[in-house]
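Visitor: no sequence for this one, just the structure:
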């Protein structure tokens with residue numbers, strides 16, 4: 001798991017470095033901080049500082065061993081084991097997420113798709129039948145669910161999050177346009193597409209000039 005002493009900003013860049021290593025030629029054994037920085041979109045000093053938190057300093061004139069660095073990043077990010085995921089909300093966004101094939105590559109397996117709408121129950125999305133939300137607690141226990149992805153309407157998000165927490169899940173990825181209130185010890189990451197678009201329009205409209 002991630003060392004809590006690692007700064008949050010660094011943690012947010014570790015997956016980028018891991019993905020960037022995958023962009024290197026398969027036969028490449030080492031990479032410099034400059035090359036990794038170029039792919040990741042940061043500067044080389046930042047790369048060296050971030051990776052030093054993992055105990056990885058590279059070799060002067062050679063750089064980083066790609067295989068070793070990849071293993072260090074996976075270890076830091078807790079990707080040395082698989083994780084069972086429940087996707088809650090089978091609307092347009094939820095269906096798109098269920099059909100996304102990239103989760104398994106990193107060890108995340110969507111083992112349940114749930115929705116509160118009885119008319120959707122039984123439909124197949126992402127190769128799995130949609131199940132009723134009322135079965136959440138049972139499904140979490142039976143399938144060892146450790147992460148919940150919320151793709152619900154904003155109005156339902158908090159109630160669903162409360163239920164997810166009561167079921168024992170401590171990690172939530174929230175796509176609903178709502179700020180969730182959760183107990184201490186529960187980690188929530190929010191993905192708000194509309195907010196990101198508004199940041200882009202800020203820069204489009206006169207570079208944010210007032």
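Guide: Sure thing, it's come through. If you're wondering where the values come from, they're calculated on a predicted model, not measured in any experiment.

Visitor: Least confident secondary structure element in the protein?
Guide: helix 193-204 (a mean of 88; mean pLDDT, DSSP states H and E).

Visitor: For that one, name the packing helices and strands.
Guide: If contacts are counted by 3 or more CB pairs under 8 Å, 6 or more residues apart in numbering; DSSP states H and E, helix 193-204 sits against no helix or strand. The C-beta positions use only the backbone N, C-alpha and C, and glycine is treated the same way.

Visitor: Please give me every residue in contact with the spatially most central residue of the chain.
Guide: Residue closest to the mean C-alpha point of the chain, counted by CA atoms, centre = their mean, is residue 173 at 7.0 Å. By CB atoms under 8 Å, 6 or more residues apart in numbering, residue 173 lies in contact with 147, 148, 149, 150, 188, 189, 191.

Visitor: Is it in a helix, a strand, or coil?
Guide: Here residue 173 is recorded as strand under DSSP: H, G, I helix; E, B strand; the rest coil.

Visitor: And for residue 24?
Guide: Three-state call for residue 24 (three-state DSSP): coil.

Visitor: Counting neighbours, what do you get for it?
Guide: Neighbour count for residue 24, taken as other CB atoms under 10 Å: 16.

Visitor: Might one say that it is in contact with residue 66?
Guide: Yes - here residue 24 reaches residue 66: they are 6.3 Å apart, a contact under CB atoms under 8 Å.

Visitor: which residues are common contacts for these two?
Guide: By CB under 8 Å, 6+ apart, the residues touching both residue 24 and residue 66 are residue 31.

Visitor: residue contacts, the residue nearest to residue 110 when sequence neighbours are not counted?
Guide: Closest residue to residue 110 in three dimensions, ignoring its sequence neighbours and counting by CB to CB, 6 or more residues apart in numbering: residue 85, at 4.9 Å. Contacts for residue 85 (CB under 8 Å, 6+ apart) come out as 103, 108, 109, 110, 111, 112, 145, 146, 147, 148, 149.

Visitor: I only care about these that end up buried; give me the PyMOL line for that.
Guide: Selecting the buried subset of those in PyMOL, with 16 or more other CB atoms under 10 Å as the burial test, is done by:
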select buried, resi 103+108+110+111+112+145+146+147+148+149
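
Visitor: List just the nearest of the contacts of residue 85 to residue 74.
Guide: Relative to residue 74, the closest of the contacts of residue 85 is residue 108; by CB to CB it sits at 13.1 Å.

Visitor: now the closest one: how far from residue 181?
Guide: The spacing between residue 108 and residue 181, counted by CB to CB, to the nearest Å, is 25 Å.

Visitor: Same question for residue 116.
Guide: 20 Å.

Visitor: Spatially nearest residue to residue 46, not counting backbone neighbours?
Guide: residue 37 (7.0 Å).

Visitor: For the helix or strand hosting that neighbour, list every residue counted as buried.
Guide: For residue 37, the host element (DSSP states H and E) is helix 33-40. Across helix 33-40, burial judged by 16+ other CB under 10 Å covers 33, 35, 36, 37, 39, 40.

Visitor: out of the residues you listed, which one sits closest to residue 201?
Guide: For the buried residues of helix 33-40, the nearest to residue 201 is residue 40 (25.6 Å; CB to CB).

Visitor: I'd say the closest one and residue 12 touch.
Guide: No - using CB under 8 Å, residue 40 makes no contact with residue 12, being 11.6 Å away.
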